[in-house]
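Novice: predicted model and sequence below, questions to follow.
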Amino acid sequence: MKKTFSIVQGPATADISLAFLLVGVTYDRKMRVWILFVLCLAGNAFAASITEEPPIVEEEEPILEEALPEVGSNPVQVEIGEFDEAIEVVEDNLNEENPCLNHHCKKGKVCEVDEENTPMCVCQDPTSCPAAIGEYEHVCANDNTTYDSSCHFFAHKCSLEGTKKGHKLHLDYIGSCKFIEPCLDVELSEFPLRMRDWLKNVLVTLYERDEENNMLTEKQKLRVKKIYENEKRLQAGEHSLDLLAHDFEKNYNMYIFPVHWQFGQLDQHPIDGFLSHTELAPLRAPLIPMEHCTTRFFDQCDSDNDKYIALEEWAGCFGIKDQDVDKDMVI
Ligand SMILES: *[C@@H]1O[C@H](CO)[C@@H](O)[C@H](O)[C@H]1NC(C)=O
Ligand SMILES: [Ca+2]
Ligand SMILES: [Ca+2]
């Protein structure tokens, strides 16, 4: 039985992560990976990485650039943002020369012009995808097929557009397909305990380090301040499940906002109080290969089985009571 989120896969051993550079936390490696991951979700600096634009990091200062190869070997960061298949941004064409310049296509498609010089999105040829640099770029689809990279996956999915098979095919997790142990009931019940604690710690860390990064809005800072300043707060570290459970009971109020906050981070396309599979992907996909209860946890979260996780369902599966679910807290 695992006691902590075990993020000890090969690629995750990259010692310097971007989060470490930005946040400078002295947590153990596992926690660092987690922090990094939420930074990616939360940080304005990383907003681009969850859209289809090239990540901003590439144009950053030398120190970040230097760290990039190693950052790249962190599976959590690498593929973040690779899942926004639903977003298609088409801007006005301002450039007469190349109509494709401002014509953005969704994942799996590239822009081409027809005879009238009108730009259009067509399926990308998978062979035009950049060759995968390493195993960590591989992705596993829900049919348990490994693709070299998410580019290869989306190009293939595009070629099946309009078919039932194509509709059902989606990206499941980061890394090559592997055997994932069944999640036992007892393990499933431990999952929210650890994740709740982690969410709270991530928020506190963001708060502590927020000055330059603006990872949190003013409203969010006010909420986190209360948690941060609470003397009874359980400090970050390895805690037994008993202690985590006890702390949740005793300091329940401190967990309410972090759970709401994470929901708000994910509910973006569109912001409607429901998480689609695509919206959940940035959290789910890096987590599955490390946490074998991830799939089961999020599946049972959708208690009415409508394929969307509503805020009430989300809060409920983290143990937040109905009367404490507040959509105004998703800020
Ligand atoms: C998926 O593929 C992996 C590797 O090929 C295999 O070990 C595993 O058992 C497969 N899982 C399922 C559910 O078929
Ligand atoms: Ca949504
Ligand atoms: Ca639902």
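Specialist: Noted; the coordinates are in hand. Ligands and ions are numbered 1, 2, ... in the order given.

Novice: need the contact list for I320.
Specialist: With CB atoms under 8 Å, 6 or more residues apart in numbering as the criterion, the residues that contact I320 are 255-256, 259. No exception for glycine: its C-beta is placed from N, CA and C like everyone else's.

Novice: pLDDT wise, what is the residue of the stretch 101-250 of the chain found nearest ligand 2 at?
Specialist: The nearest approach of the stretch 101-250 of the chain to ligand 2 comes at H170, 16.1 Å away (CB to the ion). Per-residue confidence at H170 stands at 92 (pLDDT).

Novice: neighbours of the spatially closest residue to it that is not a sequence neighbour, how many?
Specialist: Excluding the flanking residues, the one nearest H170 by CB to CB, 6 or more residues apart in numbering is N142, at 5.4 Å. Residue neighbour count, defined by other CB atoms under 10 Å, stands at 14 for N142.

Novice: confidence score at N142?
Specialist: Taken from the predicted model, the pLDDT recorded for N142 is 95.

Novice: contacts only, for it.
Specialist: In this structure, N142 makes contact with 168-172, judged by CB under 8 Å, 6+ apart.

Novice: grab the most central residue of this protein for me.
Specialist: Centroid check for the chain by CA atoms, centre = their mean gives P282 as the closest residue, at 2.5 Å.

Novice: I figured that residue was touching L266, is that so?
Specialist: Yes. Look at P282 against L266 with CB atoms under 8 Å: they come within range, at 6.9 Å.

Novice: only C-alpha atoms, please: export the longest helix belonging to the chain in PDB.
Specialist: Longest helix in the chain by number of residues (criterion: DSSP state H): helix 185-208. Taking only C-alpha atoms (Å, rounded to 0.1, in the frame of the first residue of the first chain), the coordinates of helix 185-208 have been written out as PDB:
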ATOM      1  CA  ASP A 185     -11.000   0.300  -2.400                       C
ATOM      2  CA  VAL A 186      -8.800   1.200   0.500                       C
ATOM      3  CA  GLU A 187      -6.300   2.900  -1.800                       C
ATOM      4  CA  LEU A 188      -9.100   4.800  -3.400                       C
ATOM      5  CA  SER A 189     -10.200   6.200  -0.100                       C
ATOM      6  CA  GLU A 190      -6.600   7.400   0.600                       C
ATOM      7  CA  PHE A 191      -6.400   9.400  -2.600                       C
ATOM      8  CA  PRO A 192      -8.400  12.400  -1.600                       C
ATOM      9  CA  LEU A 193      -6.700  12.600   1.800                       C
ATOM     10  CA  ARG A 194      -3.300  13.100   0.200                       C
ATOM     11  CA  MET A 195      -4.500  15.200  -2.700                       C
ATOM     12  CA  ARG A 196      -6.300  17.700  -0.400                       C
ATOM     13  CA  ASP A 197      -3.300  18.100   1.700                       C
ATOM     14  CA  TRP A 198      -1.200  18.700  -1.400                       C
ATOM     15  CA  LEU A 199      -3.600  21.300  -2.800                       C
ATOM     16  CA  LYS A 200      -3.500  23.200   0.400                       C
ATOM     17  CA  ASN A 201       0.300  23.100   0.500                       C
ATOM     18  CA  VAL A 202       0.600  24.200  -3.100                       C
ATOM     19  CA  LEU A 203      -1.600  27.200  -2.500                       C
ATOM     20  CA  VAL A 204       0.400  28.200   0.600                       C
ATOM     21  CA  THR A 205       3.600  27.900  -1.400                       C
ATOM     22  CA  LEU A 206       2.200  30.000  -4.200                       C
ATOM     23  CA  TYR A 207       1.100  32.600  -1.600                       C
ATOM     24  CA  GLU A 208       4.600  32.700   0.000                       C
END
